[in-house]
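Visitor: quick one, what's the 3D model for this:
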Amino acid sequence: MQQFTVHWSPVPDAASDTHTLYAVWPSPVTEDVCFREAGFTDFGDGDEHWEGDAAGVLSRLLDELGGFGIPQLASEAVEKHRSLFQRLLGRAEPLSLREQIQARAVYDEFPDCVIAFGDSGVTLRTGNGHHIFWISLRGPDAPRFAEALPRIAGEHPLVRTDLRWEHLLYRT
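Guide: Got it, this is the predicted structure:
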């Protein structure tokens, strides 16, 4: 099995005068045309260890971003799957915040997941079935997030990997 690695990069084409965008993702990545066209080459299949490592990265990412404010879902909620009978009897139950993020990183049929952190202007977005975390921060907060990247990676290697972002960048 290939070594689990955490990649990151600023996304200059998506930056504005007021916000900086970062991409953070684990590898190896399941073979994907978008990643390949973007110039990424670390492909492989995940297993239980990969899933556990990726869950740890998400936990540390949410912990770090939680320092900017209380996380709240700012996009359409995905609901838990229920049988027809259950749907007739009760109202929908949304997935937990963490499950909202994970579902969009795996399945491309759901709309993007956007999490806002208080009123800080910091957001986390994921979607399109790509296991990429897009973090948008106000300009002054960008250095604070960059300093947190080694903590987010934890015991795994952290590698800056610049790609051709037009092949992966979410569309709003």
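Visitor: endpoints of stretch 37-55, how far apart?
Guide: End-to-end distance of stretch 37-55: 26 Å, with Cα to Cα, to the nearest Å as the criterion.
Visitor: so what touches it?
Guide: 1-2, 4-5, 7, 26-32, 35-36, 131, 156, 161, 163-168 (Cβ atoms under 8 Å, 6 or more residues apart in numbering). Backbone N, C-alpha and C define where each C-beta goes, glycine included.
Visitor: equivalent analysis for stretch 146-158, please.
Guide: So stretch 146-158 is contacted by 3-8, 22, 24, 26, 53, 56-57, 60-61, 64 (Cβ under 8 Å, 6+ apart).
Visitor: hmm, 7 Å instead?
Guide: Q3, F4, T5, V6, W8, V24, D53, G56, V57, R60, L61, E64 (Cβ atoms under 7 Å, 6 or more residues apart in numbering).
Visitor: how distant is the helix or strand where E51 lies from the center of its chain?
Guide: E51 is part of helix 48-66 when elements are defined by DSSP states H and E. From the chain centre to the centre of helix 48-66 is a distance of 10 Å (Cα atoms, centre = their mean, to the nearest Å).
Visitor: buried sites along that helix?
Guide: Judged by neighbour count using 16 or more other Cβ atoms under 10 Å, the buried positions of helix 48-66 are W50, D53, A54, G56, V57, L58, R60, L61, L62, E64, L65.
Visitor: and the gap between D141 and G154?
Guide: 21 Å (Cβ to Cβ, to the nearest Å).
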